[in-house]
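Colleague: Can you look at this prediction? I've put the sequence above it.
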Amino acid sequence: MSFDFDAVIDRRNTDSLKWGLYRDRDVIPMWVADMDFRSPEPVIEALHGRVEHGIFGYALPPRELAQVVVERMEQKYGWKIEPSWIVWLPGVVPALNIVCRAFGDDGDEVLTFTPVYPPFLSAPPLSNKSLKTIPLRREGNLYTFDIERLQHSISPRSRILLLCNPHNPVGRRYSPEEIRRVTQMCVTNDIILCSDEIHCDLVLDGGPHTPAATLGPEVSARTVTLMAPSKTFNIPGLSCAFAIIENSELRAKFNKAREGIVPGVNALGYAACLAAYRDGEPWRLALISYLRANKDIVYKFINAVPGLSMDDVQATYLAWIDARGMGVQDPARFFEARGVTMSDGMDFGGPGHVRLNFGCPRKTLLEALNRLNSSHPAT
Ligand SMILES: Cc1ncc(COP(=O)(O)O)c(C=O)c1O
């Protein structure tokens, strides 16, 4: 089966967040994490079928869906979950905020590793919790957890740890051993672990993704795992995500904290999710090959530009670019003036960096890279 990831599809007049903000300017948007590819055909067909029906009442999850998720966890990770552990949600960001509200008291501490996806930094204060950030440390050419620093940061008021696994923006697919060190600290110090695994199906380096909750019953008993089909199958605008929470007490607290505020999933989101997970695997595998080739181009190009560098991207379609060597005050604005919009590292707790989204057709990618530095043409 072949899929056309090279097709350049105009998104300028589709009210897309990514493209719409720059509609009237000659800027290539490579910021927010959605891709410029059409979703898998089975997803589009399922949506057509649902729209054709013409009635859009409040929705239940399709009967098959929980079983599809249960089987997916078993097949991919050997993780045996029960349908009752699944909590459907309109997004992962709402779930990060629900977690921060659900557990602990006002003023308790939420820990997270930086740089990180900005809602990890905003959710704790929005929930009257205090945020404690632990910078990732360099080991060889990659970022990893600074466990000693984590240990020193933990206090009797530390209640929750928000983990990004795989890690946006640094592109790490953590090894089981790395994840184990973090989960051990949570178990030892009675900390609830919230593991955002939204990028778990976007592993580019062939290695395994490790759901934190699979590292033992004592870990699963204190973990809220967050997943979604949205990044992988390019349906983030359809608002469908889920939590997996084994511990019924945690689940009850989580559900109580969302009550009356966070709605369920809509009928189109459910239909797309079911089709993506049930029938989207050939497309996903082809996507991974395409993204890997894009990543190789970005990696070679960026590391050849004086003043810029990046690590290998083991997972996600996001490159975390260190621009501190360029000596410019605000790299995001500097590159925007050259015609490419990337996410500002400052928002992730990583000033001097930009995040480039390479989930786009190769033609778009090459044009953007050439705008970044026209004296080193990208190929
Ligand atoms: C780590 C992470 N979590 C959550 C989200 C967004 O989740 P949602 O759109 O389901 O709220 C993103 C989007 O980029 C992300 O990278």
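Modeller: Now that the structure is in, tell me what you want to look at.
Colleague: what sits opposite the residue lying closest to D146 once chain neighbours are set aside in the beta ladder?
Modeller: Excluding its sequence neighbours, the residue lying closest to D146 (Cβ to Cβ, 6 or more residues apart in numbering) is R137, at 4.2 Å. In this view, the C-beta of every residue, glycine as well, is placed from N, C-alpha and C. Beta-bridge partners recorded for R137 (DSSP bridges): T144.
Colleague: Which residue ranges of this protein form helices?
Modeller: 17-20, 41-53, 65-77, 92-102, 119-126, 147-153, 176-188, 217-220, 248-258, 267-279, 281-302, 331-337, 362-372 (DSSP state H).
Colleague: Show me what the longest one is packed against.
Modeller: What that stands for is helix 281-302. Counting by 3 or more Cβ pairs under 8 Å, 6 or more residues apart in numbering; DSSP states H and E, the packing neighbours recorded for helix 281-302 are strand 309-310, strand 318-322, helix 362-372.
Colleague: wait, which of these is closest to N247?
Modeller: Using Cβ to Cβ as the measure, strand 318-322 is the one of the helices and strands packed on helix 281-302 that comes nearest N247, at 31.4 Å.
Colleague: packing partners for the closest one?
Modeller: Against strand 318-322 (3+ Cβ pairs under 8 Å, 6+ apart) you get helix 281-302, strand 309-310, strand 353-357.
Colleague: okay, and for the stretch 251-379 of the chain, where does confidence drop off?
Modeller: 374-379 (pLDDT under 70).
Colleague: Nearest residue to G352 in space, ignoring adjacent ones along the chain?
Modeller: Closest to G352 by Cβ to Cβ, 6+ apart is R324, at 3.9 Å.
Colleague: quick one: that neighbour and the ligand, what's the gap?
Modeller: R324 is 23 Å from the ligand, where distance means Cβ to the nearest ligand atom, to the nearest Å.
Colleague: Can you get me a residue count around that residue?
Modeller: The tally of other residues near R324 (other Cβ atoms under 10 Å) stands at 15.
Colleague: What of K80?
Modeller: Counted with other Cβ under 10 Å, K80 comes out at 9.
Colleague: Would you quantify the distance from it to G140?
Modeller: To G140, K80 is 35 Å away according to Cβ to Cβ, to the nearest Å.
Colleague: What residues does the residue nearest to V224 when sequence neighbours are not counted make contact with?
Modeller: Spatially, and ignoring its direct neighbours in sequence, V224 is nearest to C194 (4.7 Å; Cβ to Cβ, 6+ apart). The neighbours of C194, taking Cβ atoms under 8 Å, 6 or more residues apart in numbering as the test, are A95, L96, V99, I160, L161, L162, L163, T223, V224, L226.
Colleague: And the furthest pair within those residues?
Modeller: Of all the pairs that the contacts of C194 form, the one spanning the most space (Cβ to Cβ) is A95 and L161, at 14.8 Å.
Colleague: State the distance from G107 to V51.
Modeller: 47 Å.
Colleague: Would you mind naming what in the stretch 151-300 of the chain lies close to the ligand?
Modeller: C164, N168, D196, I198, A228, S230, P236, A241 (Cβ under 6 Å from any ligand atom).
Colleague: In JSON lines, list those residues along with pLDDT, distance to P119 and neighbour count.
Modeller: Shown next, in JSON lines, are these (pLDDT from 0 to 100; distance: Cβ to Cβ, whole Å; neighbours: other Cβ atoms under 10 Å):
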{"residue": "C164", "pLDDT": "98", "distance to P119": "10", "neighbour count": "26"}
{"residue": "N168", "pLDDT": "98", "distance to P119": "10", "neighbour count": "27"}
{"residue": "D196", "pLDDT": "99", "distance to P119": "9", "neighbour count": "30"}
{"residue": "I198", "pLDDT": "98", "distance to P119": "11", "neighbour count": "26"}
{"residue": "A228", "pLDDT": "98", "distance to P119": "14", "neighbour count": "29"}
{"residue": "S230", "pLDDT": "98", "distance to P119": "14", "neighbour count": "23"}
{"residue": "P236", "pLDDT": "98", "distance to P119": "13", "neighbour count": "22"}
{"residue": "A241", "pLDDT": "98", "distance to P119": "13", "neighbour count": "24"}
